[in-house]
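# Got a sequence here, can you build the structure:
(2 chains)
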Number of protein chains: 2
Amino acid sequence: MKTKLFPDDGYLCQTFRPMKPIAHIHTDFPAKFGIPRQSGLVDTLEGQVVFEPAFRHPDAVRGLESFSHIWLIWEFSETARDTWSPVVRPPRLGGNRTMGVFATRSPFRPNPVGLSLVRLQRIVCGPDGPVLHVAGADLMDGTPIYDIKPYIRYTDCRPEASDGYVGALHERHLEIVFPDDLLQQIPDSKRAALLAVLQTDPRPAYQEDGKACGMAFAGHDIRFHVREGVLYVEGVRKI
Amino acid sequence: MKTKLFPDDGYLCQTFRPMKPIAHIHTDFPAKFGIPRQSGLVDTLEGQVVFEPAFRHPDAVRGLESFSHIWLIWEFSETARDTWSPVVRPPRLGGNRTMGVFATRSPFRPNPVGLSLVRLQRIVCGPDGPVLHVAGADLMDGTPIYDIKPYIRYTDCRPEASDGYVGALHERHLEIVFPDDLLQQIPDSKRAALLAVLQTDPRPAYQEDGKACGMAFAGHDIRFHVREGVLYVEGVRKI
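Numbers count the residues shown, from 1 in each chain, chains lettered A, B, ... in the order given. Now for the predicted structure:
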C-alpha cells in the first residue's frame, strides 16, 4: 500500500523544514547500480566531499581533522518520491520479504534521508575550499549532503547492540574472475575498490543466476554475470 | 561571523527538500536546560516516540522490535535560525574555545538536524498507533522526528575510531546532595533519571561556581547550586 505524503487533510499546512545541500560528494558511482548496501563495507572506495560555495569556510571544519570517522547525513536524491509505503523489500532478504520501512535503511522513506559513517582520510584546502577525502562511502556521485558530524565513540559506538534480523544474514562474498586484459583497462588506483565492490555481489537480490549484468564505475562500464558464487567479468568499456 | 543562510545570490533557487515530522518524542524535559549533551549518557531517561497520524501504520515498524538500539534523526526545533556561523563554542570545551560547526554536534547548524542513538525498550500498539519506548534520549519534549533507522553494528559501530578533541575531555560527574524531603516530591519512577541528569552537571559550562540554577524535569522545577564539584538541591516545586 502506498500513501500520498501530502494528503488533502491540511497536513501540508504544517511547517516543513527546507533542507539545503551544504555540500556534494564525488564518488566513482555515476548510477545507483553496484553501490554497496551500506557504508564501510568497501573501505577502499574513495570519495570527496566538496562544500557548496556558501559553506566553503575553512573555519567550519576546524577540529574535524582530529576525528578518524564522520557521519554524512544526505539525500536519497535518486529515490525521492511523493508517496511512501509502510513496508519495503530489503534486497538482503532476497527481495521477497517485507519489513517496516523504519526497521530498514532502505532509500524509500517518508523523508529521503541517508545516514553513512565514513572514514576521514584527510582535509585538503584548495580553490574549492576545504575538501573532505573520505573512504567507504555508499553514495552515488553528486549526492547532496545535508550535514556532517564527528563520530563520537562514547555515544555512537554500541558493541552490545543486538543485530536484529540483520544478524542472521550472511554477507555474500563472491569469487571474482577478472581476465587480466580487461583488468588492465581499469586505472591502477581504482582496481582494489572495484574488485571489492564486485565481491559484495552488486546484483539486485532477485536477479537470477547467469543473467548478464552491468555496472558503471570510475568511468567504465563493467559487464559480468554470476554463476554459482563466481562473478565472471565479460567486458570493460570506457564511458 | 554569521552568514545569512539565504543570500541574495540565487541560492534560494536551488531545490530545497521539505522535511516533514513523522513523529514527536515525549520526554521529561519541557525546556532545553538540563538535557544531557549527548544521547546514551543517562540510560534511565525514558521517552516515547509517537507517530503523526499519517504515519501510524503498525506495518511501518515491523521488524524494528528485533533491534536493541535505533537512530533518531530529528529537528533542533528550538535552535533553528536563518543564519549560520562557521564556528561554535562547545560547552564541553568550557564555552570559550571555538570549533568548526561540522566538527561538533552543536545544535546551531546550517541544517538544524540532530542525530541520537537510543535504546529501544519496547513497542506498544494502542490508539495512537505504535509507540516506541526509548531510553537515553537527549531530546526536549515535543521534538519533531524526521526519521527512525535501526542501529546496524557492522556499519555503525567503530570501536577503532579516534576520539578527536573529545577524547581529551573528562566527563564531569558531580556529587549530589538532595535532601530527602525534597527528593520525596519527585515521583519514585523519575528519581534515578533525575539524579543521573544532575550528576552530568546540567549547568551551562560558563556558569560560575555557587550561582543559583534551575531546571525543569518531569513536571517539577529543581533549584540547585554547584560548589567545588558538589551539587546542592535547594528546592523542588511542582509546575
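
# So which residues of chain A form helices?
Ranges of helices in chain A, per DSSP state H, are A:153-156, A:180-183, A:188-199.

# Out of those, flag the one nearest chain B.
Counting by Cβ to the nearest Cβ, chain B lies closest to helix A:153-156 out of the helices of chain A; the figure is 4.1 Å. No exception for glycine: its C-beta is placed from N, CA and C like everyone else's.

# buried ones in the closest one?
In terms of neighbour count (16 or more other Cβ atoms under 10 Å in any protein chain shown), helix A:153-156 has its buried residues at A:Arg153, A:Thr155, A:Asp156.

# now the most centrally placed residue in chain A: how far from chain B?
Residue closest to the mean C-alpha point of chain A, counted by Cα atoms, centre = their mean, is A:Asp138 at 2.1 Å. Separation of A:Asp138 from chain B (Cβ to the nearest Cβ, to the nearest Å) stands at 9 Å.

# for A:Ala161, same thing?
4 Å.

# where in chain A is pLDDT low?
Regions of chain A meeting the criterion pLDDT under 70 cover residues A:1-16, A:168-171, A:205-206.

# Which strands and helices lie in contact with the longest strand belonging to it?
Assignment by DSSP state E gives strand A:113-126 as the longest strand of chain A. Under the contact definition 3 or more Cβ pairs under 8 Å, 6 or more residues apart in numbering or on different chains; DSSP states H and E, strand A:113-126 sits against strand A:69-75, strand A:129-135, strand B:69-75, strand B:144-150.

# How about residues contacting the first one?
Strand A:69-75 has contacts (Cβ atoms under 8 Å, 6 or more residues apart in numbering or on different chains) with A:19, A:21, A:25, A:39, A:49, A:64, A:112-120, A:132, A:134, A:137, A:139, A:143-151, A:156, B:17, B:73, B:111, B:113, B:115, B:158, B:161-162.

# Report the distance from the longest strand of chain A to the chain centre.
Distance, stretch centre to chain centre, for strand A:113-126: 13 Å (Cα atoms, centre = their mean, to the nearest Å).

# and it, which strands flank it?
Strands adjacent to strand A:113-126 in the sheet, as given by DSSP bridges, are strand A:69-75 (antiparallel), strand A:129-135 (antiparallel).

# so can I have TSV of the ones you listed showing mean neighbour count?
Below are the strands paired with strand A:113-126 laid out as TSV (neighbours: other Cβ atoms under 10 Å in any protein chain shown):
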stretch	mean neighbour count
strand A:69-75	23
strand A:129-135	21
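
# In TSV: the ones you listed, plus distance to B:Asp209.
Formatted as TSV, the strands paired with strand A:113-126 follow (distance: least, Cβ to Cβ, whole Å):
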stretch	distance to B:Asp209
strand A:69-75	35
strand A:129-135	39
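
# Of these, which is nearest B:Ala54?
Closest approach to B:Ala54 among the strands paired with strand A:113-126 (Cβ to Cβ): strand A:69-75, 20.9 Å.

# Beta-bridge partners for A:Glu75, please?
In beta-bridge terms (that is, DSSP bridges), A:Glu75 pairs with A:Val113.

# nearest residue to A:Leu120 other than its sequence neighbours?
The shortest distance from A:Leu120 to any non-neighbouring residue, by Cβ to Cβ, 6 or more residues apart in numbering or on different chains, is to A:Ile70 (5.0 Å).
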